[in-house]
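> show me the folded form of this:
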Amino acid sequence: MLDFELLLVVVTAISGIIWVYDRIRRRRRAADAPVSYWVDLGRSLFPVILIVLVVRSFVIEPFRIPSGSMLPTLESGDFILVNKFGYGLRLPVSHQLIAPVGDPERGDVVVFRYPPNPGQDYIKRIVGLPGDRITYANRRLSINGRPVPMESLGEWAKDDAFALLRERIDDDWHELLLHRNGNRRGFTARVPEGEYFVMGDNRDRSSDSRFWGTVPRDHLVGEAFFIWLSWNGGPNWSRMGQRID
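Reported below is the predicted structural model:
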């Protein structure tokens with residue numbers, strides 16, 4: 001599987017070397033001396049690719065939602081922006097933390113590298129912080145022994161097999177779905193230090209920490225905050241420009 005981040009770093013490095021080579025060459029020869037196509041291409045692309053690498057690695061990165069595991073918050077075909085600065089600056093490829101900035105909070109919708117396969121990106125909601133005790137019983141979430149407030153909003157308008165609800169994690173409300181024939185299996189887990197417990201808003205149609213475990217801090221890519229395009233067979237104008245809560 002092609003690692004786009006690694007490819008971008010390699011292309012930036014190669015074009016940067018060409019740019020430096022051209023600067024040195026032009027000092028030794030006339031500025032209007034002919035250059036090869038590849039040198040001209042490399043020196044022209046370098047500033048653009050460098051800006052893309054810096055913005056994508058340290059500020060904002062776009063992602064496309066591939067599935068319905070975060071319905072009704074996010075739909076398949078939503079194109080979102082992820083804030084990579086808020087959880088600290090990390091080097092591309094190695095993901096080494098170089099500047100701590102802030103910490104994830106309960107309720108954040110986050111993109112992360114899937115622990116069983118770090119080459120794949122997932123998106124879920126953080127429901128448990130390091131040290132939290134998470135319980136899911138009778139399809140109700142509890143954090144540190146306290147049931148999360150939940151309200152029924154009736155049937156989901158897009159599919160009456162799902163119930164639409166909303167729940168409050170800390171001070172923020174968000175909507176979620178429960179399937180009429182969903183799995184009622186419960187569990188209790190303690191979140192290890194330096195890791196996070198995540199769940200999909202489409203509770204009965206989500207592969208998340210209930211099944212494969214918690215997410216290490218260094219796997220977090222950033223917080224999803226904005227839908228800039230929604231396209232699933234055509235544009236969905238009503239979703240474009242929405243904040244992600």
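
> which parts of the chain are helices?
Shown for the chain, the helices assigned by DSSP state H span residues 4-28, 37-58, 209-212.

> what average pLDDT does the last one get?
If I follow you right, that is helix 209-212. The average of the pLDDT scores along helix 209-212 is 96.

> who does it touch, helix- and strand-wise?
With contacts defined as 3 or more CB pairs under 8 Å, 6 or more residues apart in numbering; DSSP states H and E, helix 209-212 has these neighbours: strand 195-199. C-betas here are computed from N, CA, C, even on glycine.

> what are the buried residues along the strand it packs on?
For strand 195-199, burial by neighbour count (16 or more other CB atoms under 10 Å) applies to 195-199.

> give me the sheet partners of that strand and which way each runs.
strand 121-128 (antiparallel), strand 215-216 (antiparallel) (DSSP bridges).

> what residues does the last one touch?
Outside of strand 215-216, the residues within contact range by CB atoms under 8 Å, 6 or more residues apart in numbering are 110, 112, 115, 194-198, 209.

> JSON lines for those residues, including distance to His179?
JSON lines is the format used below for the contacts of strand 215-216 (distance: CB to CB, whole Å):
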{"residue": "Val110", "distance to His179": "24"}
{"residue": "Phe112", "distance to His179": "25"}
{"residue": "Pro115", "distance to His179": "25"}
{"residue": "Gly194", "distance to His179": "33"}
{"residue": "Glu195", "distance to His179": "28"}
{"residue": "Tyr196", "distance to His179": "25"}
{"residue": "Phe197", "distance to His179": "21"}
{"residue": "Val198", "distance to His179": "19"}
{"residue": "Ser209", "distance to His179": "19"}
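
> just give me the closest of those residues to Asn236.
Val110 (23.1 Å; CB to CB).

> separation between the closest one and Arg217?
Distance of Val110 to Arg217, computed by CB to CB, to the nearest Å: 11 Å.

> contact partners for the residue nearest in space to the middle of the chain?
By CA atoms, centre = their mean, the mean C-alpha position of the chain lies nearest to Val111, the distance being 1.8 Å. By CB under 8 Å, 6+ apart, Val111 lies in contact with 61, 63, 82, 121-123, 220-224.

> ok, of those, which come out buried?
Listed as buried from these are 61, 63, 82, 121-123, 220-224; burial here means 16+ other CB under 10 Å.

> picking up where we left off before, got any residues that touch both of Val110 and Arg217?
104, 196.

> any stretches of this protein with poor pLDDT?
Applying pLDDT under 70 to the chain flags residues 1-2, 29-33.

> what about the residue lying closest to Pro47 once chain neighbours are set aside, distance to Pro34?
Excluding its sequence neighbours, the residue lying closest to Pro47 (CB to CB, 6 or more residues apart in numbering) is Trp19, at 8.0 Å. To Pro34, Trp19 is 17 Å away according to CB to CB.

> which of the two has more neighbours?
Trp19 (18 against 8; other CB atoms under 10 Å).

> can you tell me which residues contact that one?
Counted by CB under 8 Å, 6+ apart, Trp19 has contacts 42-43, 46-47.

> which two in the residues you listed are spaced the farthest apart?
Gly42 and Pro47 (11.0 Å).

> ok, the two, which is more surrounded?
For Gly42 and Pro47, the more surrounded residue by other CB under 10 Å is Gly42, and the numbers stand at 21 against 12.

> wouldn't that one be in contact with Ala13 here?
No - counting by CB atoms under 8 Å, Gly42 does not reach Ala13; the two are 10.8 Å apart.

> what's the burial count for Arg140?
Neighbour tally, Arg140, other CB under 10 Å: 13.
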